[in-house]
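S.K.: I'd like to go over a predicted model; first the sequence, then the structure.
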Protein chains: 2
Amino acid sequence: MKRRNTPTKEAVLSVITKAGQAMSQDAIEGEISIDINRATIYRVLNRFCEDGVLHKVIAEDGKQYFALCDGCDETHQMHQHFHFKCTVCETLECLPNEVNFSIPNGYHVENVNCVLTGVCKKCS
Amino acid sequence: MKRRNTPTKEAVLSVITKAGQAMSQDAIEGEISIDINRATIYRVLNRFCEDGVLHKVIAEDGKQYFALCDGCDETHQMHQHFHFKCTVCETLECLPNEVNFSIPNGYHVENVNCVLTGVCKKCS
DNA sequence: ATAATATTGCAATGTTGTTGCAATAAATTA
DNA sequence: TAATTTATTGCAACAACATTGCAATATTAT
């Protein structure tokens, strides 16, 4: 499964990078210049996640948001920072704050999904 | 909108209470003795959330899980504790750990959704 | 018992995300 | 450069989760 470079991949990554925040599939499709199939966008996004380029966040609307891995550790497993979802502008951004927690013995944590919902600075 | 007592409400609340953990709509429907419509279960659950009896957690599968408000504050707004979703037994439980965070000025947090995913004590 | 209205069931709808399969295109090799 | 391999894409279909409109029902108050 060697990756190939395609205009689709470049376009998707470019849109997310320019946005500077996490995006959902429909937001990406709305911002992208060329016409890309919905299923393809999902497949590209999931591949980026596998490769550690993006990480996936589940917001309170149950939707998947994809954010650039900036400073995420190389295991691609833990993205232990908070995320903030604005209910007004609908954007989801990564916060610098790390998530600190302790769990009872015997529990094995594989993933962390922390989302704060509210109104962001711009919208308030 | 004064609430009324119905067998449906009692049955739903009873199932969740007996389970001692958060449950999804389909899990509730599976455990419940009487036959209740899917849409009705959702409406009952959402009403319980409005009344501060339950709180809703969005897991990494994007599904809604409903947990008893035990020690949740009376504003019904913030349920700032961690949740743990087991990928083996599929259950979601409330952890006692409080979520601590600080956000930049100008942000207004209305809700907190923190879910750790992995393997729970029983399953590991 | 009657009236008011909250609740329910049913069907339909919407949204989000995934999958199978054939067609296409990128990278490798000759 | 041309041929080959196979990763990627588009399309359509499907699945799961959740919500909504409306008529029927059941609860509560009078």
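M.R.: That came through, no problem. Numbers count the residues shown, from 1 in each chain, chains lettered A, B, ... in the order given.

S.K.: show me the contact partners of the lowest-mean-pLDDT helix or strand in chain A.
M.R.: None of the helices or strands of chain A scores lower by mean pLDDT, DSSP states H and E than strand A:92-98, at a mean of 89. If you take C-beta atoms under 8 Å, 6 or more residues apart in numbering or on different chains as the criterion, strand A:92-98 is touched by A:21-23, A:57, A:59, A:65, A:67, A:70, A:80-86, A:115-116, A:120, B:101-104. Every C-beta, even on glycine, is put in place using the N, C-alpha and C of the backbone.

S.K.: 7 Å instead, please
M.R.: A:21-22, A:57, A:59, A:65, A:67, A:80-85, B:101-103 (C-beta atoms under 7 Å, 6 or more residues apart in numbering or on different chains).

S.K.: any idea how far A:Gly62 is from A:Glu110?
M.R.: Going from A:Glu110 to A:Gly62 by C-beta to C-beta, to the nearest Å gives 20 Å.

S.K.: re earlier: list the buried residues of the least confident helix or strand of chain A.
M.R.: A:92-95, A:97 (16 or more other C-beta atoms under 10 Å in any protein chain shown).

S.K.: do the same with stretch A:15-35
M.R.: Going by neighbour count (16+ other C-beta under 10 Å), the buried part of stretch A:15-35 is A:15-16, A:19, A:21-25, A:27-29.

S.K.: the strand or helix carrying A:Phe84 near DNA strand C at all?
M.R.: A:Phe84 is part of strand A:81-86 when elements are defined by DSSP states H and E. No. Using C-beta under 7 Å from any atom of the strand, strand A:81-86 never reaches DNA strand C; the gap is at least 12.9 Å.

S.K.: looking at the buried residues of stretch A:15-35, spot the one nearest A:Lys2.
M.R.: A:Ile16 (22.8 Å; C-beta to C-beta).

S.K.: tell me the contacts of the closest one?
M.R.: A:23, A:28, A:66, A:68.

S.K.: in these, find the pair that's most separated.
M.R.: A:Ile28 and A:Leu68 (12.6 Å).

S.K.: where do the helices sit along chain A?
M.R.: A:7-19, A:25-31, A:38-50 (DSSP state H).

S.K.: quick one: which of those is nearest B:Thr6?
M.R.: helix A:25-31 (37.8 Å).

S.K.: other residues contacting that closest one?
M.R.: Residues outside helix A:25-31 that contact it (C-beta under 7 Å, 6+ apart) are A:12, A:15-16, A:19, A:36, A:38, A:41-42, A:45.

S.K.: let me know the closest of those to chain B.
M.R.: The closest of the contacts of helix A:25-31 to chain B turns out to be A:Tyr42 (C-beta to the nearest C-beta; 13.3 Å).

S.K.: what sits against the closest one?
M.R.: Shown in contact with A:Tyr42 (C-beta under 7 Å, 6+ apart): A:Gln25.

S.K.: hmm, what's the outermost residue in chain A?
M.R.: For chain A, the largest distance from the centre (C-alpha atoms, centre = their mean) belongs to A:Asn105, which lies 29.8 Å off.
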